[in-house]
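**Student:** here's my sequence, what's the structure:
(one chain, ligands or ions: 2)
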Amino acid sequence: MRKITLFGATGSVGQSAIDLIARDQNSYDVVALTGGRNVAQLAADAQRLNADVAVTCYPECYAELSELLSGTGVEVAAGPGAIEEAAARPVDWALSAIVGSAGLVPGLCALKHGTKLALANKESLVTAGPLLLGTADAHNATVLPVDSEHSAVFQALVGEDMAAVERVIITASGGAFRDWPAEKLATATLAQASSHPNWDMGQRITIDSASMFNKAMELIETKEFFSVSPDMIEVLVHRESLIHAMVGFHDGALMAHVGPPDMRHAIGYALHWPDRRALPVERLDLAKIGALTFEAPDNARYPALALAKRVMQEGGLSGAIFNAAKERALDGFIAGDIGFLDMAKVVAATMDKMSSFDGLQNVEITLDSVLETDKLARVRAGEAIKTLG
Ligand code: NAD
Ligand code: MG
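**Tutor:** Numbers count the residues shown, from 1 in each chain. Ligands and ions are numbered 1, 2, ... in the order given. Model (predicted):
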């Protein structure tokens, strides 16, 4: 039996992982499941999978979770500290599927125990890539990609020499507004930005897909995870979302990963790695699909992509600034304080203000420096929102 923990078990990625685990429950000993306000889901899954502990990140949800799980033998805890404690319980495999930079600390904590960390939480790589991967190295732990593009690249690289890699192409569906005239984007509402043409995902990543901030983060994630130089990474708009990424080699060959837009694919690959096991995903009928299309992204339409390039050039803590400003700007858009196009303006203004801050690029990337930068960037982004609002 493999001991496993799922951070963000109640979310979109977490639920896909639970679907796989529940089909083969006798192979897993579930240690911890964590979630947020959806305590009914958390309690039901903890009971069904016989978890040792269920943790909500919100202390105010403790009483309700306790009541739901009383008499079941599942321990209950609440708050960020309790998630960290749960992350310190040794397991063989953990899924990092919390949304936002809140996923960083539990991920680091799991890696310190030598865990195989299946990483959906791209924000931790954007915010603190060298810290996360350095911690994995120092503790003989492994980080496995779960973001579909990065899982695809990882799979295309099996048995290959990194020295033969010429380019890495990650695909983008184009998001909710790919067919909108650019002039109309400023009027995009929250409801319109919250629906994705191909993938069924959490609300935040769905809006990030419409603005291309998701792809921007994935560019940085690619650079960090595979240690490739930024000029080797390309974004390609592919509206069918069937090819998730391609790796180009110096003999001109392109290895593409093709599969249905179903996160159980990437989660399942990371769950069974280094083996490849049968997964309950749709088998593609390519004759029926007929054609796959590709377009270059329109950079003028998607300022997030240029901001990601800037982060990759600046390095240091600029990823932490970028991510925190983006998270704050997204909060502002969800709250109705700013418009859709203002999100990129807020991130750019925050980066302008903070990246020029003398010495910031040379500060060592430690947990303290990252958390402090994250906090400050949210304040600066909040100020930028006020000027725009
Ligand atoms: P979601 O919003 O559906 O779920 C997020 C989970 O994190 C929930 O369990 C929630 O309770 C928990 N959570 C939220 N805030 C928290 C906090 N402050 N502390 C602790 N837990 C907290 O999100 P999702 O769509 O499942 O995405 C999760 C992560 O995976 C994100 O980093 C996202 O970018 C990445 N990802 C998602 C998909 C997808 O298909 N949904 C694909 C690739 C990558
Ligand atoms: Mg992705």
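
**Student:** give me every residue that touches residue 322.
**Tutor:** Residue 322 makes contact with 126, 220, 307, 308, 311, 347, 351, according to CB atoms under 8 Å, 6 or more residues apart in numbering. Every C-beta, even on glycine, is put in place using the N, C-alpha and C of the backbone.

**Student:** how far out from the middle of the chain is the helix or strand containing it?
**Tutor:** Taking DSSP states H and E as the definition, residue 322 sits inside helix 318-334. How far helix 318-334 lies from its chain's middle: 14 Å, per CA atoms, centre = their mean, to the nearest Å.

**Student:** now do the helices in the stretch 151-300 of the chain.
**Tutor:** All helices of the stretch 151-300 of the chain, identified by DSSP state H, counting those that start in this stretch, fall at 190-193, 203-211, 213-226, 263-272, 286-289.

**Student:** could I get the average pLDDT for the helix holding residue 322?
**Tutor:** Mean per-residue pLDDT for helix 318-334: 98.

**Student:** in a strand, residue 143, correct?
**Tutor:** Yes. Assessed with DSSP: H, G, I helix; E, B strand; the rest coil, residue 143 lies in a strand.

**Student:** these two touch, right, it and residue 119?
**Tutor:** Yes. The criterion here is CB atoms under 8 Å, and residue 143 meets it with residue 119 at 5.4 Å.

**Student:** which residues touch stretch 29-45?
**Tutor:** So stretch 29-45 is in contact with 1-11, 14-15, 18, 21, 46, 49-58, 61, 64-65, 68-69, 74, 83, 86-87, 89, 91, 98, 106, going by CB under 8 Å, 6+ apart.

**Student:** contacting ligand 1 as well, which ones from the residues you listed?
**Tutor:** Among the contacts of stretch 29-45, proximity to ligand 1 is found for 8, 9, 10, 11, 14, 57, 83, 98 (CB under 6 Å from any ligand atom).

**Student:** need the three-state assignment for the fifth one.
**Tutor:** Right, residue 14. Assignment for residue 14 (three-state DSSP): helix.

**Student:** so of the contacts of stretch 29-45, which ones are in helices?
**Tutor:** Among the contacts of stretch 29-45, the residues falling in helices (DSSP state H) are 14-15, 18, 21, 46, 64-65, 68-69, 83, 86-87, 106.

**Student:** can you put those in a markdown table and add pLDDT and neighbour count?
**Tutor:** Compiled in a markdown table, those are given as follows (pLDDT from 0 to 100; neighbours: other CB atoms under 10 Å):
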| residue | pLDDT | neighbour count |
| --- | --- | --- |
| 14 | 98 | 27 |
| 15 | 98 | 17 |
| 18 | 98 | 21 |
| 21 | 98 | 22 |
| 46 | 98 | 28 |
| 64 | 98 | 18 |
| 65 | 98 | 23 |
| 68 | 98 | 18 |
| 69 | 98 | 21 |
| 83 | 98 | 24 |
| 86 | 98 | 26 |
| 87 | 98 | 27 |
| 106 | 98 | 29 |
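
**Student:** for these, which two are the farthest from each other?
**Tutor:** The distance between the two most remote of the ones in helices among the contacts of stretch 29-45 (CB to CB) is 24.3 Å, for 21 and 64.

**Student:** list phi and psi for the residue in the chain that ligand 2 sits nearest to.
**Tutor:** The nearest approach of the chain to ligand 2 comes at residue 147, 4.2 Å away (CB to the ion). Phi and psi for residue 147, reported as degrees, to the nearest 10, are phi -60, psi 130.
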